[in-house]
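# Any chance you could fold what I've pasted below:
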Amino acid sequence: MSNPSRWVLVKRFAEVTGYSENAVRHKVKGGIWLEGRIWRKAPDGRIFLNLAEFERWVESTAHARSF
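Numbering: from 1, shown residues only. This next block holds a predicted model:
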């Protein structure tokens, strides 16, 4: 796949970023990552994460708790 999707499932997100699947779910559930920006729930209930917005979060100032 030459053009990867910007929205990926938790398993793929964990593979790409190095976060464990459990850590990803913790950040989603705990509100560290905002719904609609870094993650969203698909109509089938599965959680998708936005890699581009995650990168923006990583590059943001250390003082920002959520994005």
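# which residues are in contact with whichever strand or helix holds Val16?
In the assignment (DSSP states H and E), Val16 maps to helix 10-17. By CB atoms under 8 Å, 6 or more residues apart in numbering, the residues outside helix 10-17 that reach it are 8, 19-21, 23-25, 47, 49, 51, 54. In this view, the C-beta of every residue, glycine as well, is placed from N, C-alpha and C.
# Need those residues in JSON lines (columns: secondary structure, distance to Glu35 and neighbour count).
Shown next, in JSON lines, are those (DSSP: H, G, I helix; E, B strand; the rest coil; distance: CB to CB, whole Å; neighbours: other CB atoms under 10 Å):
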{"residue": "Val8", "secondary structure": "strand", "distance to Glu35": "16", "neighbour count": "18"}
{"residue": "Tyr19", "secondary structure": "coil", "distance to Glu35": "17", "neighbour count": "17"}
{"residue": "Ser20", "secondary structure": "coil", "distance to Glu35": "20", "neighbour count": "11"}
{"residue": "Glu21", "secondary structure": "helix", "distance to Glu35": "18", "neighbour count": "13"}
{"residue": "Ala23", "secondary structure": "helix", "distance to Glu35": "17", "neighbour count": "13"}
{"residue": "Val24", "secondary structure": "helix", "distance to Glu35": "13", "neighbour count": "22"}
{"residue": "Arg25", "secondary structure": "helix", "distance to Glu35": "13", "neighbour count": "15"}
{"residue": "Ile47", "secondary structure": "strand", "distance to Glu35": "9", "neighbour count": "16"}
{"residue": "Leu49", "secondary structure": "strand", "distance to Glu35": "11", "neighbour count": "24"}
{"residue": "Leu51", "secondary structure": "helix", "distance to Glu35": "16", "neighbour count": "17"}
{"residue": "Phe54", "secondary structure": "helix", "distance to Glu35": "14", "neighbour count": "23"}
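# between these, which is nearest Trp39?
Using CB to CB, Leu49 is the member of these that lies nearest Trp39, at 4.9 Å.
# what stretches of the protein score poorly on pLDDT?
By pLDDT under 70, the low-scoring segments of the chain are 1-4, 62-67.
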